[in-house]
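**Student:** Quick one, fold the following:
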Amino acid sequence: LPLCYETPLVLFAAGSGLAPMHGFLQERALQKKAGQEVGEALFFFRCQNHTEDYLYSETDLKEWEELVIVKFRPED
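**Tutor:** Residues are numbered from 1 along each chain as shown. Next comes the predicted model:
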């Protein structure tokens with residue numbers, strides 16, 4: 001990842017799910033809450049079943065979208 005948090009990101013998780021990127025986004029959320037400017041990430045990932053596989057949709061993901069650090073693009 002870029003050292004500067006203001007750098008926007010495009011993330012892809014084709015088949016690996018959210019777990020590999022969760023930590024990156026969690027760090028950016030913490031920086032944003034601490035007052036740091038954070039570039040937005042655009043995150044594409046694939047779900048086998050959107051209603052069952054879209055983990056964290058009502059917790060971390062919702063909060064991060066509200067903080068405007070990421071836009072999620074899940075695809076079934």
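**Student:** so where's this structure shaky on pLDDT?
**Tutor:** The chain contains residues with pLDDT under 70 at 15-17, 47-58, 74-76.
**Student:** all strands for it, in order.
**Tutor:** 9-13, 41-46, 70-75 (DSSP state E).
**Student:** now those in JSON lines, with distance to Ala34?
**Tutor:** C-beta here means a position set from N, CA and C on the backbone, and glycine is covered the same way. Formatted as JSON lines, the strands of the chain follow (distance: least, CB to CB, whole Å):
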{"stretch": "strand 9-13", "distance to Ala34": "18"}
{"stretch": "strand 41-46", "distance to Ala34": "17"}
{"stretch": "strand 70-75", "distance to Ala34": "17"}
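**Student:** which of those strands sits most buried?
**Tutor:** strand 41-46 (a mean of 18; mean count of other CB atoms under 10 Å).
**Student:** what lines up beside that one in the sheet?
**Tutor:** strand 9-13 (parallel), strand 70-75 (parallel) (DSSP bridges).
**Student:** Out of those strands, the one nearest Leu1 is which?
**Tutor:** Leu1 lies closest to strand 9-13 among the strands paired with strand 41-46, at 7.2 Å (CB to CB).
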